[in-house]
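Trainee: Structural data only, the sequence is not supplied:
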């Protein structure tokens with residue numbers, strides 16, 4: 001991706017339902033808001049690993065040993081894929097039986113109860129943006145764009161105001177084992193991967209929302 005593509009987006013907050021597999025839970029969040037994709041942050045959420053329970057089956061009344069844990073923090077990009085969502089990002093989690101956390105967070109794991117989340121969502125439309133789905137294009141002065149962070153600030157002439165969020169990889173990686181590949185509410189620079197979510201914080205409300213999200217580490 002070369003020039004940043006302005007798209008229609010907004011900061012949002014919501015409560016994700018529990019009990020469904022995480023990729024389905026976050027697909028429901030996207031659908032409620034009319035988003036094709038979103039940067040999503042969850043913290044301190046109880047989780048369940050139930051590999052023998054089918055996708056749409058009810059959660060058992062008694063959890064098997066080793067199924068319960070806590071999602072300490074997750075920063076994800078969720079992209080609508082049919083009736084579900086593709087997830088990628090970084091997360092930290094632990095299990096109540098104290099076994100080591102895996103290298104990759106399984107999107108089939110479930111929230112054990114509803115959880116608060118926040119992020120940046122992008123309105124569904126007809127513009128194909130790799131890694132983010134079909135979005136709605138915005139005018140050149142819009143607050144949100146997706147593109148190469150290395151050229152974003154010079155091209156837009158807003159070097160002191162643009163902040164960037166980006167995540168490499170195609171899975172939800174354990175942040176402790178994979179600390180790199182993340183740009184989180186930072187001034188665009190060489191360490192920020194492409195494509196990145198770019199936010200112009202010239203507007204005071206946008207700047208305040210960006211600062212709150214950047215603090216959710």
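Mentor: Noted; the coordinates are in hand. Given the structure is predicted, the values throughout are model-derived calculations rather than measurements.
Trainee: going forward, measure contacts between C-alpha atoms and count neighbours the same way
Mentor: OK.
Trainee: From residue 120, how far off is residue 201?
Mentor: 13 Å (Cα to Cα, to the nearest Å).
Trainee: Helices along this protein, start to end?
Mentor: Here the chain has its helices, by DSSP state H, at 22-33, 149-156, 204-214.
Trainee: looking at these, which one has the lowest mean pLDDT?
Mentor: For the helices of the chain, the weakest mean pLDDT is recorded on helix 149-156, namely a mean of 55.
Trainee: pLDDT value on the closest residue to residue 178 other than its chain neighbours, please?
Mentor: Counting by Cα to Cα, 6 or more residues apart in numbering, residue 178 lies nearest to residue 90, which is 7.9 Å off, once chain neighbours are set aside. Residue 90 is assigned a predicted lDDT (pLDDT) of 95.
Trainee: Any idea what residue 90 is bridged to?
Mentor: Beta-bridge pairing for residue 90 (DSSP bridges): residue 75, residue 173.
Trainee: now residue 85
Mentor: residue 80.
Trainee: Strands of this protein, start to end?
Mentor: Secondary structure of the chain by DSSP state E: the strands cover 5-6, 9-16, 35-48, 68-81, 84-95, 104-105, 110-111, 115-129, 133-135, 144-147, 162-167, 172-174, 182-186, 196-200.
Trainee: Tell me how far the first one lies from the chain's centre.
Mentor: On the basis of Cα atoms, centre = their mean, to the nearest Å, strand 5-6 is displaced by 19 Å from the centre of the chain it belongs to.
Trainee: what residues does that strand touch?
Mentor: The contact list for strand 5-6 (Cα atoms under 8 Å, 6 or more residues apart in numbering) reads 137-147.
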